[in-house]
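# Next input, structure requested:
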Amino acid sequence: MKNQKLSQYTKYIVLNILVAAISAILLVNYVAAAYKIRGDSMNSVLKDEERVIISRLALKTGIIDRFDIVVLHKPNEPGKSIIKRVIGLPGEIIEIKDGDVYIDNKKLEQPFLAGKEYPPYRRDTLNPLLIQQGHYFVMGDNREVSQDSRNFGPVPAKFIFGKTIFRYWPLSRIGKIK
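Okay, here's the model as predicted:
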């Protein structure tokens with residue numbers, strides 16, 4: 001009798017651990033995951049060593065909007081991931097003149113860059129470029145140091161694997177990311 005209760009208890013524990021493990025795997029692969037910021041390309045919105053929650057589920061809906069901050073596989077180094085802001089959408093023509101971004105010949109207002117200016121030696125230029133369907137033009141907020149679509153071109157949607165939704169570390173900066 002005692003062995004039977006121990007056996008049932010053991011099955012109960014193993015089953016609960018199995019359910020928890022499967023739930024965790026599904027959660028991390030299909031719903032949300034933690035991501036650690038590496039580098040300064042998104043300063044001052046996101047800083048080196050900060051930690052965020054990324055939504056994988058948001059991408060399953062197929063909605064990626066302008067100014068979303070996304071995590072993607074770096075096109076020229078597929079083993080690395082990077083975090084950037086979506087600037088150009090599929091079907092748009094993007095151009096950069098003297099550091100200013102134009103979408104379909106209209107200057108793009110970027111409120112998250114308020115107060116930031118390119119140094120005179122880094123006034124980027126990009127000739128008009130049609131962003132193909134299924135691709136996005138991404139840039140870091142810290143344009144001076146960011147390696148982004150200005151270097152490797154528009155990114156296929158399949159390279160994007162998460163949208164940032166929440167910063168959880170450091171505690172002094174905890175909150176929704178804008």
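# Which of the helices or strands spans Gly79?
Per DSSP states H and E: Gly79 is located in strand 77-88.
# For whatever helix or strand comes next after that strand, which outside residues touch it?
Sequence-wise, the next helix or strand downstream of strand 77-88 (DSSP H and E) is strand 93-97. Strand 93-97 has contacts (Cβ atoms under 8 Å, 6 or more residues apart in numbering) with 87-88, 101-105, 124-131, 137, 150. All C-beta spots, glycine's among them, are computed from the backbone N, C-alpha and C.
# For PyMOL, what selects the buried ones among the residues you listed?
In PyMOL syntax, the buried subset of these is picked out as below (16 or more other Cβ atoms under 10 Å):
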select buried, resi 87+88+101+102+103+129+131+137+150
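# So which residue is smack in the middle of the chain?
Val70 (1.8 Å; Cα atoms, centre = their mean).
# Who are the packing partners of the host helix or strand of that one?
Following DSSP H and E, one finds Val70 within strand 69-74. Packing partners of strand 69-74 (3 or more Cβ pairs under 8 Å, 6 or more residues apart in numbering; DSSP states H and E): strand 77-88, strand 135-139, strand 160-169.
# What are the boundaries of the strands in the protein?
In the chain, the strands defined using DSSP state E lie at 32-36, 51-55, 69-74, 77-88, 93-97, 100-103, 106-107, 126-130, 135-139, 155-156, 160-169, 175-176.
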